[in-house]
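**Student:** Give me a 3D structure for the following:
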Amino acid sequence: MKKTLTKILALMIALLMLFSFVACSDSKETVTDTDTDAEQTDAKPDSELEMKIYALNGTTALGMAQMIDNVKNDKAEMNYNISLHTSADAITGAIISGECAIAALPTNVAVKLFNKSEGKLQLLALNTLGVLYLLQNGENITSLDDLEGKTVYVPGAGANPEYITAALLEGAGLKVGEDVTIDAKTYPSPDALQTAIAANQISLAVLPEPKVTATTLSNENVKVAINMTEEWEKLNGENTLVQGCLVVNTAFAKEHPAEIAKFLEDYKASVEFIKTGSDDAINMIVNAGILPKAAMAKKALPNCNICFIAGEDMKSVMNTFCEKIFNYDKTSIGGALPSDDFYYVAK
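**Tutor:** You can find the predicted model right below:
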C-alpha cells in the first residue's frame, strides 16, 4: 500500500512539474511576441537624423516650398536640410554616393542614373507633370502639322524637352530630321533659349514653365502656340507626361523606412498647400528663392502641374512615359526600361 501511495505521489509531482514548465514556456513566448509587435507598431522616425535633400532651382522644387519655409522658421518636425542647385550635374553624383538622401530631378535623368548605378537610387515620387509649351514669335502655328519645314529649338541636347518634342512630332506623322528639325545644341539651357526668343533671334522654341511666363511677360510678341501636355495626352493618356520626380538613395531608404514615410507625408502636405496658390503659398515660393517675383509665381504656378504620385500609382504612368521616349531614342533613359526595383514602394 505504501509503495502504491509513493508511486501515485511521485506521478502527481511529475505532472505538476510538467504543467509548470509548459506554462512558463507559454508565458515566455507570449512576452516575446508582444515585444516584437510593439517594436513594429511603435516605430517612429528619428527627428534628429539629418536628411539632406537636393533640388533643382525651378519647377521640380516648387512642391517643397512649404517644407523649406518650415525649416527656415523652425516649424519642421524632422531635421531636413534642403538646398537648391542650378544644374542636375551637382545633384546626380550626390544622390548615388549618398551625400544626399533625396533629390528632385528630371524623370529621364532619374532612370539613366538608376541604370548607370545598378540600382543605387530609386524613384520615390513623381512631382511634376507636363510643363512644356511651344512658343512662337511671328509665326502662325496652331497644330503640330504646321511645323513641317520648320526648325524648333529646345533647351539642351539629351534632356526631356528634346525627347518629348521628338516623340510628339513623330506621333503626329512628322519625321524628325526630314520633315522638321529639332535644334537642341544652339541653346544649351532654358535661360539661353528664353533670351533668344525674347530678343527676336528665333521664332519657335519649346520651353518649360516658369520660363514660359517669364518670356511672355518680357516680350508681348511671344505667344504660346501649343500646350505640349495636351498633345501628349491625346496620344498617350492622361497624366502620362511626367517630367519631374523625387529619387531616394537606395541604401538610405532601406535603413530609414520610418523617416522616408514621414518625408513623404510632409512632402505631400507641402504640395497640396502650394497648389492652392494662396498668397502665403506664393510668398513661400519667392522666399525660398525658387521664383524671383510673386506676380510671376502666381501666373506660372497653375501651368506648372506640380503633383504628388507615389507608391504603386506611379508605376503605370512612369512606365508609359519611359516607353514613349525610349521608342524614339534608347539613350534617353540609359539604354533600358526601368525594372520593378526602380520603384520605391513601402511594405
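**Student:** Residue 187: neighbour count?
**Tutor:** Neighbour count for residue 187, taken as other C-beta atoms under 10 Å: 22. All C-beta spots, glycine's among them, are computed from the backbone N, C-alpha and C.
**Student:** how about residue 299, what does it touch?
**Tutor:** 213, 217 (C-beta atoms under 8 Å, 6 or more residues apart in numbering).
**Student:** That one is in what secondary structure piece?
**Tutor:** Taking DSSP states H and E as the criterion, residue 299 maps to helix 294-300.
**Student:** Render the CA-only coordinates of the helix or strand following that helix in CSV, please.
**Tutor:** Counting by DSSP H and E, the next helix or strand C-terminal to helix 294-300 is strand 306-310. Coordinates of each C-alpha in strand 306-310 appear next as CSV, following Å, rounded to 0.1, in the frame of the first residue of the first chain:
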residue,chain,number,x,y,z
ILE,A,306,3.1,70.0,-59.7
CYS,A,307,1.8,66.8,-58.3
PHE,A,308,2.3,64.0,-55.7
ILE,A,309,2.1,60.5,-57.1
ALA,A,310,3.8,57.7,-55.1
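**Student:** per-residue confidence averaged over the following helix or strand past strand 306-310?
**Tutor:** Sequence-wise, the next helix or strand downstream of strand 306-310 (DSSP H and E) is helix 313-328. Throughout helix 313-328, pLDDT has a mean value of 95.
**Student:** Tell me the helices and strands packed up against helix 313-328.
**Tutor:** On a contact count with 3 or more C-beta pairs under 8 Å, 6 or more residues apart in numbering; DSSP states H and E, helix 313-328 meets helix 107-117, strand 121-128, helix 160-171, helix 228-236.
**Student:** switch the cut-off to 7 Å
**Tutor:** helix 107-117, strand 121-128, helix 160-171 (3 or more C-beta pairs under 7 Å, 6 or more residues apart in numbering; DSSP states H and E).
**Student:** Report the backbone C-alpha coordinates of the first helix or strand past the second one going along the chain in PDB.
**Tutor:** Right, the one you point to is strand 121-128. Later in the chain than strand 121-128, the nearest helix or strand by DSSP H and E is strand 132-137. C-alpha atoms of strand 132-137 as PDB (Å, rounded to 0.1, in the frame of the first residue of the first chain):
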ATOM      1  CA  LEU A 132       6.400  72.200 -71.800                       C
ATOM      2  CA  TYR A 133       4.900  74.800 -74.200                       C
ATOM      3  CA  LEU A 134       5.800  75.600 -77.800                       C
ATOM      4  CA  LEU A 135       6.300  79.400 -78.000                       C
ATOM      5  CA  GLN A 136       6.200  81.300 -81.300                       C
ATOM      6  CA  ASN A 137       7.400  84.800 -82.200                       C
END
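**Student:** Done for today, thanks.
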